[in-house]
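1. model the structure of this input:
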Amino acid sequence: MDAITNQGFGSLGLLSGFPVTWRISNTVSNTVSKVANNIVVAGLLALVTCGADPCAFASDPNATHPVASRAASPSRKIRHVLFYDGQAREFSVYLPPACNSDEQAAALPVVFAFHGVMMNGETMAKMTLLHELGNRCNFIVVYPDGDGHGILRTWNSGGRSGRLERIAEDDVGFVRCVVAQLQKQYRIDPKRIHATGFSNGAMLCYRLAVEAPEVFASIAPIAGTLAVPVRGALRFVPTLHIHGTEDKVVAWDGPNRKTPKNLDFMSVPQTLDAWKNLLTASNNESESPKLVCRAEKWPDRKADGTRIEVQRYAIDPDSDVPDLQFVRVIGGGHTWPGGENREWVVGKTSEEFNANEMMWDFFQNHPLP
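-> Numbers count the residues shown, from 1 in each chain. Below you'll find the predicted structure:
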């Protein structure tokens, strides 16, 4: 039987005299099959056509991943419902085996994974399988649901105008509340809360970096760009950005005639420039700080139609840890490298590297200062 408990959180619960949050816990296998989700893909097409350490990984393409052969026990999936701003909002938490047990010797890192347009947390989990890596490397994965119904959900990542702006939810506030709930309920490390996202969810990562930089240690947006102004940001949040050059949904060169008229976002080059400028401006140790860039072209190891170029930016010329890492997936589509293959409709999925492993390597090197 699933265990159902009550715990306070949120505005709506206060109306009844005590706050209410439901928690549903069940054991799930960490071998979720990679099944193509036709409904999600159809939703993405509609958006376009209608105008709408225990564990470390090296980013070197020739490096081996020591955790790949390690057996992992089943995770626990806990479904939460909380009330925020008068709405019931949901998120799923995947706990590694050692979480909240006698084996847990230290507070655990947390990785938020934000889905794309017309997806939800469950389809994000199926596409990325990030929680399987969480099992092996001992970190918690959170898959929140955006605003909407079923799998037809979106995030208010910025760049909205007109009707889209009028119906926009305060998703930054919602995410802050989720973090507060996690801190109450689980033993998490507040200095190691990270975020990744796909498409619209990647754009939300950038917004969180601008508006909640004290919460998130680092971010890893994939196939999504900046859609809010950077001015006023109090801290540069270390960032790993991954983007395909043949992305037709969040196009490399920015909005086009297929982009909804009430939606705006930066191009990939504009996003990179804005983030480099923020990184430079955030460095107070030098009167004229300069970015050091190390560029790499990886050998083509897979016959998947993609090639990889990486740019690593840092202020410290002697540092081997980049503050900003940009991965150009030449030939890649609107996809998650190493994830579910949806080539037939949204472009090529690169198998040259695994986005989950690369981002975990990046996250481990960037706790909050």
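
2. any low-confidence regions in the stretch 1-150 of the chain?
-> 1-74, 100-105 (pLDDT under 70).

3. how about the stretch 151-300 of the chain?
-> 163, 168, 284-288.

4. now for the helix or strand that contains Leu204, which elements pack on it?
-> In this assignment (DSSP states H and E), Leu204 forms part of helix 200-211. Counting contacts by 3 or more CB pairs under 8 Å, 6 or more residues apart in numbering; DSSP states H and E, helix 200-211 is packed against strand 108-114, helix 171-185, strand 188-198, strand 218-222. Glycine gets a C-beta too; all of them are placed from N, C-alpha and C.

5. one more time with 6 Å, if that's ok
-> Contacts defined by 3 or more CB pairs under 6 Å, 6 or more residues apart in numbering; DSSP states H and E place helix 200-211 against strand 188-198, strand 218-222.

6. tell me the secondary structure of Met127, please.
-> helix (DSSP: H, G, I helix; E, B strand; the rest coil).

7. and it, how far from Ile167?
-> Noted for Met127: a distance of 26 Å to Ile167, by CB to CB, to the nearest Å.

8. higher neighbour count, the two?
-> Met127 (25 against 11; other CB atoms under 10 Å).

9. quick check: nearest residue in space to the more buried one, chain neighbours excluded?
-> Glu340 (4.4 Å; CB to CB, 6 or more residues apart in numbering).

10. in this structure, which residue is closest to the centre?
-> Geometric centre of the chain, nearest residue: Thr196, 1.4 Å, by CA atoms, centre = their mean.

11. I'd like to know how many residues surround the closest residue to it other than its chain neighbours.
-> Nearest residue to Thr196, sequence neighbours excluded (CB to CB, 6+ apart): Ala220, at 4.2 Å. By other CB under 10 Å, 26 other residues sit near Ala220.

12. ok, now Phe236?
-> Using other CB under 10 Å, Phe236 is surrounded by 21 other residues.

13. which secondary structure element contains it?
-> With DSSP H and E as criterion, Phe236 is part of no helix or strand.

14. so how far is Ile315 from the closest residue to it other than its chain neighbours?
-> Sequence neighbours aside, Ser282 is the residue nearest to Phe236 in space, at 3.8 Å (criterion: CB to CB, 6+ apart). For Ser282, the distance to Ile315 (CB to CB) stands at 9 Å.

15. who has more neighbours, those two?
-> Neighbours were counted for Ser282 and for Ile315 using other CB under 10 Å; Ile315 has more, 19 against 16.

16. per-residue pLDDT of that one, please?
-> Listed pLDDT for Ile315 reads 91.

17. where exactly do the helices run in the chain?
-> 11-14, 38-49, 121-128, 130-137, 162-166, 171-185, 200-211, 268-281, 343-346, 355-364 (DSSP state H).

18. ok, which of those comes nearest Tyr84?
-> Distance to Tyr84, taken as CB to CB, is lowest for helix 171-185 among these, at 4.9 Å.

19. pretty sure Val111 contacts Val141?
-> Yes. If you go by CB atoms under 6 Å, Val111 and Val141 touch, sitting 5.3 Å apart.

20. who touches both of these two?
-> Here Val111 and Val141 share no contacting residue, scored by CB atoms under 6 Å, 6 or more residues apart in numbering.

21. about what we covered before: now the residue nearest to Phe236: how far from Cys205?
-> 17 Å.

22. what's around Pro317, how many residues?
-> Residues near Pro317, counting by other CB under 10 Å: 9.

23. about what we covered before: and the gap between the residue nearest to Phe236 and Gln270?
-> Taking CB to CB, one finds Ser282 at 19 Å from Gln270.

24. how about Phe363?
-> For Phe363, the distance to Gln270 - CB to CB - is 25 Å.

25. contact partners for the closest residue to Pro144 other than its chain neighbours?
-> Spatially, and ignoring its direct neighbours in sequence, Pro144 is nearest to Phe91 (3.9 Å; CB to CB, 6+ apart). Counting by CB under 6 Å, 6+ apart, Phe91 touches His80, Val142, Pro144, Val178.

26. most neighbours of all those, which one?
-> Val142 (27 neighbours).

27. which one is it nearest to, not counting chain neighbours?
-> Phe112 (4.9 Å).

28. hmm, Leu204 is touching Phe114, no?
-> Yes. Using CB under 6 Å, Leu204 is in contact with Phe114, at 5.0 Å.

29. and for these two, which residues touch both?
-> With CB under 6 Å, 6+ apart, Leu204 and Phe114 have common neighbours Gly197.

30. please, where are all the strands along the stretch 201-350 of the chain?
-> 218-222, 239-244, 292-297, 307-314, 324-330 (DSSP state E, counting those that start in this stretch).

31. need the winner for burial among the ones you listed.
-> strand 218-222 (a mean of 28; mean count of other CB atoms under 10 Å).
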